[in-house]
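Colleague: build me a structure from this.
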Amino acid sequence: MPTDTRPAARRIFGAPLRYIQGPGALSETGPTAAAIGSRALLIADAFVLDLLEEAVTASCRQAGTQVTPLRFAGEITPAEIERLVGAAHGLQADVVIAAGGGKGIDAGKAVAHRLRVPVITVPTIASNDAPTSKIYVVYDEQHRLLKVEHMPCNPHAVIVDTALIARAPRKLLLAGIGDAISKKFEVEQCHAAQGPNMFAGLGTRAALALADLCFETLLAHTDGALAALERQSPADSLEAIVEANVLLSGLCFENGGLSVAHSMTRGLSALPGTAHELHGLQVAYGTMVQWHLEDRPPAFMEEMRAFYRRIGLPLNLQQLGLPRTPTDVDIDTLATLTLTAPHVRNFNRVLTAHDLSQAISALEAATL
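Modeller: Numbers count the residues shown, from 1 in each chain. Purely as a prediction, here's the structure:
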């Protein structure tokens, strides 16, 4: 048998210490925080504080931990991080509880990073995989991406109360599905290209297997999950999709790496209308472009177009918010900016702007 003589490269896998999911899981916040220390900060925006401050405080008090709430203003900028860190000064917090959507959780991560204490994430929606990740994104005052920061390790715990998730808007769950659906294909491309994951190592076979499971879960359970959301009631399918959106998707992207689908957000953030759409819906569109670049079989493409159409994911730029039929300039801008993303190199061949423009044009023509 032929022998692979390439030198072994370092493979790295990281994850949260605990993942707790289910109706009423919020009650686990106190015991989890108390295992770290007796003083906690609860960082969330005004809406989320109104939603869960009382329950979190009661859970922590019963476990012997004091909670101090800090209100996040809503945009994660350097100035807002400095304000929150300043407000935390002197409180001698042992742990940060970061609650809400992606921005609120990232704000809590940023403060925990600066204070050098563990963070517990408590997502109130399942629109992204930020709760499991060690990274957080910082923006400037004009909401332009400024930098991506890395905590030394993943969150100490992720607590997902699906009774809360079941009351969230449908579009937010769809965004999480759109973000998660890319992972199987991005991880496969990153693995084939021997690209780095978020720990600056190679992905493991575990990451590939988790990416497959993530995709299979989405296809099998999305319809049932959306039906449960209509009833505002947790169900097995909703539990499966929340796990895929929050846990599996996060483990996949950090440990397996990213590729074209996420790189597309660079370009989509520069077009009118699409720039302000939810991250996961941008990624869902980017995944369709990646499938065209991979030259997926027509039967597969038709199956996925039918899936997108049935649940409401965007099939073209106008469905993503572009207020006009895309022009050649729009497509060229999208292709050129996508190539500036580092993850675009994680592909089975070197891509050019022409390759991307062709794939985008083909996708737009197929979904008119």
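Colleague: which parts of the stretch 151-300 of the chain are helices?
Modeller: Using DSSP state H, counting those that start in this stretch, the helices of the stretch 151-300 of the chain run over 162-165, 170-180, 183-192, 205-231, 236-242, 249-256, 260-268, 279-293, 298-311.
Colleague: V138 is in what secondary structure piece?
Modeller: Using DSSP states H and E, V138 maps to strand 135-139.
Colleague: listing partners with orientation, what would you give for the helix or strand just after that strand?
Modeller: Downstream of strand 135-139, the next assigned helix or strand under DSSP H and E is strand 145-150. Using DSSP bridges, strand 145-150 pairs in its sheet with strand 135-139 (antiparallel).
Colleague: before we move on, back to that, so of the helices of the stretch 151-300 of the chain, which one's packed in deepest?
Modeller: helix 249-256 (a mean of 28; mean count of other CB atoms under 10 Å). (Each C-beta comes from the backbone N, C-alpha and C, glycine too.)
Colleague: ok, residues contacting that helix?
Modeller: Contact with helix 249-256 is made by 12-15, 128-135, 154, 176, 179-180, 183-184, 186-187, 190-191, 197-199, 203-204, 206-208, 210-211, 214, 262, as judged by CB atoms under 8 Å, 6 or more residues apart in numbering.
Colleague: let's have the helices of the stretch 151-300 of the chain in TSV, adding distance to G37.
Modeller: Below are the helices of the stretch 151-300 of the chain laid out as TSV (distance: least, CB to CB, whole Å):
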stretch	distance to G37
helix 162-165	25
helix 170-180	31
helix 183-192	34
helix 205-231	32
helix 236-242	28
helix 249-256	25
helix 260-268	35
helix 279-293	33
helix 298-311	43
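Colleague: and those helices as CSV, adding mean pLDDT and distance to T333?
Modeller: Formatted as CSV, the helices of the stretch 151-300 of the chain follow (pLDDT from 0 to 100; distance: least, CB to CB, whole Å):
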stretch, mean pLDDT, distance to T333
helix 162-165, 96, 36
helix 170-180, 98, 22
helix 183-192, 98, 22
helix 205-231, 97, 30
helix 236-242, 98, 34
helix 249-256, 98, 25
helix 260-268, 96, 6
helix 279-293, 97, 14
helix 298-311, 97, 24
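Colleague: hmm, back to that, C-alpha coordinates for the strand holding V138, CSV please?
Modeller: Provided in CSV are the C-alpha atoms of strand 135-139 (Å, rounded to 0.1, in the frame of the first residue of the first chain):
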residue,chain,number,x,y,z
ILE,A,135,-13.5,34.8,19.3
TYR,A,136,-15.4,38.1,19.5
VAL,A,137,-15.8,40.8,16.8
VAL,A,138,-15.2,44.5,17.4
TYR,A,139,-16.6,47.3,15.2
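Colleague: ok, now how distant is the nearest residue to S269 once chain neighbours are set aside from H143?
Modeller: The shortest distance from S269 to any non-neighbouring residue, by CB to CB, 6 or more residues apart in numbering, is to A275 (5.0 Å). Distance of A275 to H143, given as CB to CB, to the nearest Å: 9 Å.
Colleague: same question, L248
Modeller: From L248 to H143 the distance is 29 Å (CB to CB).
Colleague: who's more crowded, these two?
Modeller: Just comparing L248 and H143: by other CB atoms under 10 Å the higher neighbour count belongs to L248, 24 against 13.
Colleague: now H343: closest residue in space that isn't a chain neighbour?
Modeller: L258 (4.1 Å).
Colleague: does the one you found really touch N346, like I thought?
Modeller: Yes - contact criterion CB atoms under 8 Å: L258 and N346 qualify, at 6.6 Å.
Colleague: hey, what's in contact with both of those two?
Modeller: In contact with both L258 and N346: 186, 190, using CB under 8 Å, 6+ apart.
Colleague: so the residue nearest to S269 sits against L268, correct?
Modeller: Yes - because the distance of 6.9 Å satisfies CB under 8 Å, A275 is recorded as touching L268.
Colleague: in the helix or strand bottoming out on mean pLDDT in the chain, what's buried?
Modeller: The helix or strand of the chain with the poorest confidence is strand 145-150; it has a mean of 89 (mean pLDDT, DSSP states H and E). When burial is assessed from 16 or more other CB atoms under 10 Å, strand 145-150 yields the following buried residues: E149.
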